[in-house]
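My questions are about this predicted structure, shown below with the sequence.
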Amino acid sequence: MMDAENEGIPPASGSRQDDQNGWAARRRQFMSQPSTVATRRLQAVCVRRACKNYGPKKNPNVILDSLNMTVPKGVIYGLLGASGCGKTTLLSCIVGRRRLNSGEIWVVGGHPGSRGSGVPGPRVAYMPQELALYGEFTLRETFTFFGWVNGMTTKAIDERMDFLIKLLQLPHHSSFVKNLSGGQQRRMSLAATLLHDPELLILDEPTVGVDPVIRQNIWDHLVEITRPGQKTVIITTHYIQETRQAHLIGLMRGGKLLAEESPDNLLQQFNCVSLEDVFLKLAVIQNMGKRRRSSIAQEVVQQIPVPAISNPALDISDEDKCEISGEFGDNISMSSRGRDVVTPDPINIRIPEVEVPPRSFTDNFKVFKAHHMKTLMWKNFLWMWRNVGIMAFIIGLPLVQIILFCYAVGKDPKDLKLAISNNELSASMETDCPIITGCNVTFLSCRYLQYLDDRNLDIKIYGSDSEAKDSVRRGKAWGALSFP
Ligand SMILES: Nc1ncnc2c1ncn2[C@@H]1O[C@H](COP(=O)(O)OP(=O)(O)OP(=O)(O)O)[C@@H](O)[C@H]1O
């Protein structure tokens, strides 16, 4: 019976076949459990009824269509599907880069993007298809950046760097990223992902453009890190056969997973020699109108044999039956009649409680971390240093603009003709306004006019507001100033 403490952990030793068989049995055991939040949180990744659309609401482009996916801890999960079927979209939702329209995702026990989930964060590493590296940085600086962001010490980074450079056959650490070939840059991107040894590795086509020897190195490394059972890898690839080394394969098509099984089981169940053939058979089955869950369920109940397919290469024997594989695989999986399907006694399976770390009130205000600030500042200064020309332009352009502006229009005006009417003086019976000499400083207007006179303005006093305005109208002054 399954030990709850080791749930999701493959055997640490033994042959690969043992690993696979162990996995299949454990998975079936788990699939017989009612799906609860506790069981979902135990998985490395658990996706339920995920829907994702692009485009307008009226006519959406459906990418994920009520997709279910279960990635237990400690496995290599190969996500396969034709180009454009939505693999990257699914992975982006898993790492919290995109949001689902509906459905839910659990990643290492939490919802991606939620507080305290650690996703995105150092628990998960994601290698996207597009390169996310700084060309101006050397390999060492790139390692330092990604290591510091994930809270590693410089010593630990240096040690891992030497190992990864050797593993992925990267050039010397003083080489600049921009000088690497496309394939080397992809390997560098993979190295940055592997650097901090995260719990969950999500790799979107890491082996594209990589020569077979290095590809094998990468797979060997992935098998190695997942062996103790603590690390999980989700990997997409166009080289379907290389996923023979994965513990589980998810075949994706039409926004759903057609199957979620170990490669050996798939080959056995479909009586195929290659995974391509399995995928082809599943695609044909899906095309034959088996998309609707209800109809599939009906067939399961009635045990209707799979209809014969005209192409003999795609023929599925009458022995094969469809079955719904419980909550864990809303996805269709085929099993041959008479195959030994483990149906454990659910009472004896203990689901361990998931501990949620308590959050204090002040945790809500911790919006940034010191090591992130340090890393980003270092990265920005380094970038500026490496791009002195651009920086000189960015800082120099506003400086030149300010200088030119001040030179052209920024000075105080001189000899500006102003027509003044000062009613304050009139009210106090002082009809002549001695603005320059003998001004009565108790009058605010006089003090202000004195100030204007000191600024070299050409001030002329008029007896009334209308006279002052009239002088402006006639072009004798630029403006009229009236003191009430
Ligand atoms: N931001 C977006 N806006 C609209 N459509 C998008 C967007 N991103 C992806 N798509 C569409 O969603 C579909 C799935 O894209 P996705 O990149 O997930 O496929 P994929 O399976 O990863 O393909 P590949 O194996 O070639 O990388 C494609 O048809 C793509 O055109």
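Cool, got the structure.

any idea how this protein splits into domains?
If you go by automatic domain parsing, the domain ranges for the chain are 43-311+326-346, 375-409, 416-483.

Which of the helices or strands spans whichever residue of the stretch 251-400 of the chain sits closest to the ligand?
Residue nearest to the ligand within the stretch 251-400 of the chain: residue 252 (7.4 Å; Cβ to the nearest ligand atom). In this view, the C-beta of every residue, glycine as well, is placed from N, C-alpha and C. Using DSSP states H and E, residue 252 sits in strand 248-253.

if you compare the domains of the chain, which one is most tucked away?
Of the domains of the chain, the one with the most neighbours on average (mean count of other Cβ atoms under 10 Å) is domain 43-311+326-346, at a mean of 18.

ok, and what's touching whichever strand or helix holds residue 233?
Using DSSP H and E, residue 233 sits in strand 232-236. By Cβ atoms under 8 Å, 6 or more residues apart in numbering, the residues outside strand 232-236 that reach it are 44-45, 71-81, 87-88, 91, 94, 199-206, 222, 225-226, 243, 246.

Ok, stretch 214-230 next?
Residues outside stretch 214-230 that contact it (Cβ under 8 Å, 6+ apart): 6, 8-10, 12, 73-76, 167-169, 187, 190, 194, 197, 199, 201, 206-207, 210, 231-233, 235, 239, 242, 245, 247.

Strands of the stretch 151-300 of the chain, residue ranges please.
Using DSSP state E, counting those that start in this stretch, the strands of the stretch 151-300 of the chain run over 200-204, 232-236, 248-253, 256-261.

Redo those strands as CSV? Include mean pLDDT.
Below are those laid out as CSV (pLDDT from 0 to 100):
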stretch, mean pLDDT
strand 200-204, 91
strand 232-236, 92
strand 248-253, 88
strand 256-261, 85
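
is it possible to export these to JSON lines including distance to residue 380?
Below are the strands of the stretch 151-300 of the chain laid out as JSON lines (distance: least, Cβ to Cβ, whole Å):
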{"stretch": "strand 200-204", "distance to residue 380": "27"}
{"stretch": "strand 232-236", "distance to residue 380": "32"}
{"stretch": "strand 248-253", "distance to residue 380": "39"}
{"stretch": "strand 256-261", "distance to residue 380": "42"}
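
picking that back up, narrow the contacts of stretch 214-230 to those in helices?
Members of the contacts of stretch 214-230 lying in helices (criterion: DSSP state H): 167, 187, 190, 194.

which of those lies closest to residue 259?
residue 190 (27.0 Å; Cβ to Cβ).

Let me know the distance separating the residue lying closest to the closest one once chain neighbours are set aside from the ligand.
Among residues not flanking residue 190 along the chain, residue 206 sits closest, at 4.8 Å (Cβ to Cβ, 6 or more residues apart in numbering). To the ligand, residue 206 is 12 Å away according to Cβ to the nearest ligand atom, to the nearest Å.

Surely residue 206 touches residue 126?
No. Counting by Cβ atoms under 8 Å, residue 126 is not a contact partner of residue 206; they are 10.9 Å apart.

hey, what's in contact with both of the two?
Here residue 206 and residue 126 share the contacting residues residue 193, scored by Cβ under 8 Å, 6+ apart.

Of all the strands of the stretch 151-300 of the chain, which one is nearest residue 478?
Closest to residue 478 of the strands of the stretch 151-300 of the chain, according to Cβ to Cβ: strand 200-204, at 68.0 Å.

In this structure, which residue is most central in space?
residue 97 (3.1 Å; Cα atoms, centre = their mean).

circling back to that earlier point, pretty sure the residue of the stretch 251-400 of the chain closest to the ligand contacts residue 88?
No. Using Cβ under 8 Å, residue 252 makes no contact with residue 88, being 10.9 Å away.

before we move on, back to that, what confidence value was assigned to the residue nearest to residue 190?
Listed pLDDT for residue 206 reads 88.

Can we start the residue count at 880 from this point?
Got it, first residue is 880 now, which makes that one residue 1085.

neighbouring strands for the strand holding residue 1131, and are they parallel or not?
Applying DSSP bridges, strand 1127-1132 is found paired with strand 955-960 (parallel), strand 1135-1140 (antiparallel).

Can I get it in PDB, CA atoms only?
Coordinates of each C-alpha in strand 1127-1132 appear next as PDB, following Å, rounded to 0.1, in the frame of the first residue of the first chain:
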ATOM      1  CA  LEU A1127       4.700  10.500 -18.100                       C
ATOM      2  CA  ILE A1128       3.500  11.900 -21.400                       C
ATOM      3  CA  GLY A1129       0.700  14.300 -22.000                       C
ATOM      4  CA  LEU A1130      -0.600  14.300 -25.600                       C
ATOM      5  CA  MET A1131      -2.300  17.500 -26.300                       C
ATOM      6  CA  ARG A1132      -4.700  18.300 -29.100                       C
END
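
so residue 984 is in which element?
Going by DSSP H and E, residue 984 is in strand 981-986.

how many degrees apart are that strand and strand 1079-1083 in direction?
120 degrees (axes from the mean of the first three to the mean of the last three Cα atoms, to 10 degrees).

Counting by contacts, list what strand 981-986 packs against.
If contacts are counted by 3 or more Cβ pairs under 8 Å, 6 or more residues apart in numbering; DSSP states H and E, strand 981-986 sits against strand 924-933, strand 940-950, helix 966-973.

JSON lines for these, including distance to the ligand?
Formatted as JSON lines, the helices and strands packed on strand 981-986 follow (distance: least, Cβ to the nearest ligand atom, whole Å):
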{"stretch": "strand 924-933", "distance to the ligand": "3"}
{"stretch": "strand 940-950", "distance to the ligand": "5"}
{"stretch": "helix 966-973", "distance to the ligand": "3"}
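
Residue 1249: which of the ones you listed is closest?
helix 966-973 (28.1 Å).

The closest one versus strand 940-950: what angle between them?
Relative orientation of helix 966-973 and strand 940-950, computed by the same axes, to 10 degrees: 60 degrees.

so what does helix 966-973 touch, helix or strand wise?
Secondary-structure packing of helix 966-973 (3+ Cβ pairs under 8 Å, 6+ apart): strand 924-933, strand 940-950, strand 955-960, strand 981-986, strand 1079-1083, strand 1111-1115.

nearest to residue 1147, of those strands?
Across the helices and strands packed on helix 966-973, closest to residue 1147 is strand 955-960 (Cβ to Cβ), at 16.8 Å.

To residue 1331, which of the strands of the stretch 1030-1179 of the chain lies closest?
Between residue 1331 and those, the tightest spacing by Cβ to Cβ is seen for strand 1079-1083, at 70.5 Å.

List of residues touching the closest one?
Contacts to strand 1079-1083, defined as Cβ under 8 Å, 6+ apart, come from residues 923-924, 966-967, 970, 973-974, 986-987, 1002-1008, 1069, 1072-1073, 1101, 1104, 1110-1115.

quick one: it near the ligand?
No. Under the criterion of Cβ under 6 Å from any ligand atom, the ligand is not reached by strand 1079-1083; the shortest gap measures 7.1 Å.
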